[in-house]
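Asker: Quick one: sequence and predicted model below, then my questions.
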Amino acid sequence: MTKSRVLICHPRLRPSGGGNVVAAWALQALRSEFDVSLATLEPVNCQALNLSFGTCLEPGDFQVYVAPAMYQAMLRSLPTPGALLDIALTMRWAQDVDRKARFDLLFSTENEVDFHRRGIQYIHHPWLYLPRPEPEMRWYHRLPGALKLYRKSCLALSRATVEGLGSNVTLANSRFVAARFRHVYGTDAEVVHPPVPGDFPETSWAERRLAVAGIGRIHHYKRWDVVVEIVEAVRKRGHDLKLTLIGHSDEAAYEARLEAMTASRPWFRLLRNLSRAELLSELSQHRYGIHAMHEEHFGIAPAELQRAGCIPFVHNSGGPVEIVDDDPRLTFDTVEDASEKITRAIEDSSLERELRTQVAERRDWFSSERFCESVRRTVMQAVRDATDRTQVATEAQPGCPTGLIRA
């Protein structure tokens, strides 16, 4: 039986970042039951993806369509990277690939895309939503009229319309992002949480260190310096709490600042670029986790902490509050608020048991298995719907026998 052909559209599939986790596991979810291809801006290193994300992808699992050199030349001509331009060019490239080798379904794993026909799109944060999140702002965004011109240019370059961007089957990484998508386009999105893959070690509470772990890019918008303040505040309350920050280098000056902090704080460790196995092993040795970023779209890191059996404390904003089930005992607004709640969990054994039970009950909510099942179900239904629409259109053509499409 011939497999349905699916083209996944993703700008740059690299071994870090939540958006890339989604793309890699979408390929993994679909590779057996579908004939899968990828439209992208640069070559893919399956070995690096597997090492970082826990996938088991092979080059032969999917065909890669890398955009022509002129695309890269256009990107190099800009004075600074532009995520929206990456999406616009990938969108345009996917349209061209589909025009030459017609696919049964197109699927964007990096926000809204106008395929010029109905497809599937996975939203990390809708790119037409304003104002943009602060971490995404660059110097040129603050120039009067620059952002409007940039967005208008990207829309034209991608051959997209607002109506086309809102016409796909839409998946969102959180209720928070789904609400923003609805605000922009007036349509609903199904929430499919990103996958948190891996065989997390089972470690008893007694074997875990009195320590808190943080995971994520080493960038100022993650607010790791605030996390250091929180742990210092807990330590001032009489608890020998230690901190481990595990991340990928993303901002040299900020990384140097954190490195300087470790020099004067023997309880603070900074670990970089761990493999997936090393990350899971390290997390299993911690009792607590923390995530301090404002309005994180989903926050795969808190879900990883929870799957590792850590009690996660998150900033009271964005998608991470959904990961902890909107539990006010695990959300914080300020350094004082966070230090008080962590201290309470350390000192109150009955509260600690309650929180550990809650973590155990929610550990599988964000598994790669659940994500893959949701993606396969959505793709299968979309392929069936596309087939039905084709059949209806065929039968509606006068003088055209059923099953045949007139040229």
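Answerer: All right, it came through fine.

Asker: alpha carbons only for contacts and neighbour counts from here, please
Answerer: Noted.

Asker: hey, which helix or strand in the protein has the poorest pLDDT?
Answerer: Least confident helix or strand of the chain, by mean pLDDT, DSSP states H and E, is helix 69-76 with a mean of 82.

Asker: Helices of the stretch 101-250 of the chain, start to end?
Answerer: Ranges of helices in the stretch 101-250 of the chain, per DSSP state H, counting those that start in this stretch, are 146-157, 162-165, 175-185, 224-236.

Asker: I'd like the ones you listed as JSON lines, with mean neighbour count appended.
Answerer: JSON lines is the format used below for the helices of the stretch 101-250 of the chain (neighbours: other CA atoms under 10 Å):
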{"stretch": "helix 146-157", "mean neighbour count": "14"}
{"stretch": "helix 162-165", "mean neighbour count": "16"}
{"stretch": "helix 175-185", "mean neighbour count": "19"}
{"stretch": "helix 224-236", "mean neighbour count": "19"}
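
Asker: now the ones you listed as CSV including mean pLDDT and distance to Ile218?
Answerer: Listed next are those as CSV, based on pLDDT from 0 to 100; distance: least, CA to CA, whole Å:
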stretch, mean pLDDT, distance to Ile218
helix 146-157, 86, 26
helix 162-165, 94, 32
helix 175-185, 95, 23
helix 224-236, 98, 8
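
Asker: Can you lay out those as JSON lines showing distance to Asn273?
Answerer: Listed next are the helices of the stretch 101-250 of the chain as JSON lines, based on distance: least, CA to CA, whole Å:
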{"stretch": "helix 146-157", "distance to Asn273": "33"}
{"stretch": "helix 162-165", "distance to Asn273": "35"}
{"stretch": "helix 175-185", "distance to Asn273": "28"}
{"stretch": "helix 224-236", "distance to Asn273": "16"}
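
Asker: Just tell me which of those ends up closest to Thr343.
Answerer: Shortest distance between Thr343 and the helices of the stretch 101-250 of the chain, using CA to CA, is found for helix 224-236: 6.1 Å.

Asker: for the closest one, packing partners?
Answerer: If contacts are counted by 3 or more CA pairs under 8 Å, 6 or more residues apart in numbering; DSSP states H and E, helix 224-236 sits against strand 242-247, helix 335-347.

Asker: Arg151 is nearest to which of those?
Answerer: strand 242-247 (31.0 Å).

Asker: what does that closest one contact?
Answerer: Residues from elsewhere that reach strand 242-247 (CA atoms under 8 Å, 6 or more residues apart in numbering): 210-218, 228, 231, 267-274, 279.

Asker: Only alpha carbons, please: show the following helix or strand past that strand as PDB.
Answerer: Note on strand 242-247: by DSSP states H and E, the next helix or strand toward the C-terminus is helix 252-264. In PDB, the C-alpha atoms belonging to helix 252-264 read as follows (Å, rounded to 0.1, in the frame of the first residue of the first chain):
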ATOM      1  CA  ALA A 252      28.700  35.200  25.800                       C
ATOM      2  CA  ALA A 253      28.700  38.200  28.100                       C
ATOM      3  CA  TYR A 254      25.900  36.900  30.200                       C
ATOM      4  CA  GLU A 255      27.600  33.500  30.500                       C
ATOM      5  CA  ALA A 256      30.700  35.200  31.700                       C
ATOM      6  CA  ARG A 257      28.700  37.000  34.300                       C
ATOM      7  CA  LEU A 258      27.200  33.700  35.600                       C
ATOM      8  CA  GLU A 259      30.700  32.100  35.500                       C
ATOM      9  CA  ALA A 260      31.900  34.800  37.800                       C
ATOM     10  CA  MET A 261      29.100  34.100  40.200                       C
ATOM     11  CA  THR A 262      30.100  30.400  40.500                       C
ATOM     12  CA  ALA A 263      33.600  31.500  41.500                       C
ATOM     13  CA  SER A 264      32.400  33.100  44.700                       C
END
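
Asker: Output the contacting helices and strands for helix 252-264.
Answerer: Counting by 3+ CA pairs under 8 Å, 6+ apart, helix 252-264 packs on strand 268-272.

Asker: Nearest approach to Arg377 belongs to which of the helices of the stretch 101-250 of the chain?
Answerer: helix 175-185 (19.2 Å).

Asker: mind saving the C-alpha coords of the closest one as CSV?
Answerer: This file holds the C-alpha atoms of helix 175-185, laid out as CSV (Å, rounded to 0.1, in the frame of the first residue of the first chain):
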residue,chain,number,x,y,z
ARG,A,175,-3.3,27.1,26.6
PHE,A,176,-1.4,30.3,26.9
VAL,A,177,-0.3,30.3,23.3
ALA,A,178,-3.7,28.9,22.1
ALA,A,179,-5.4,32.0,23.6
ARG,A,180,-3.0,34.3,21.8
PHE,A,181,-3.6,32.5,18.5
ARG,A,182,-7.4,32.9,19.0
HIS,A,183,-6.8,36.6,19.8
VAL,A,184,-5.1,37.1,16.4
TYR,A,185,-7.0,34.8,14.1
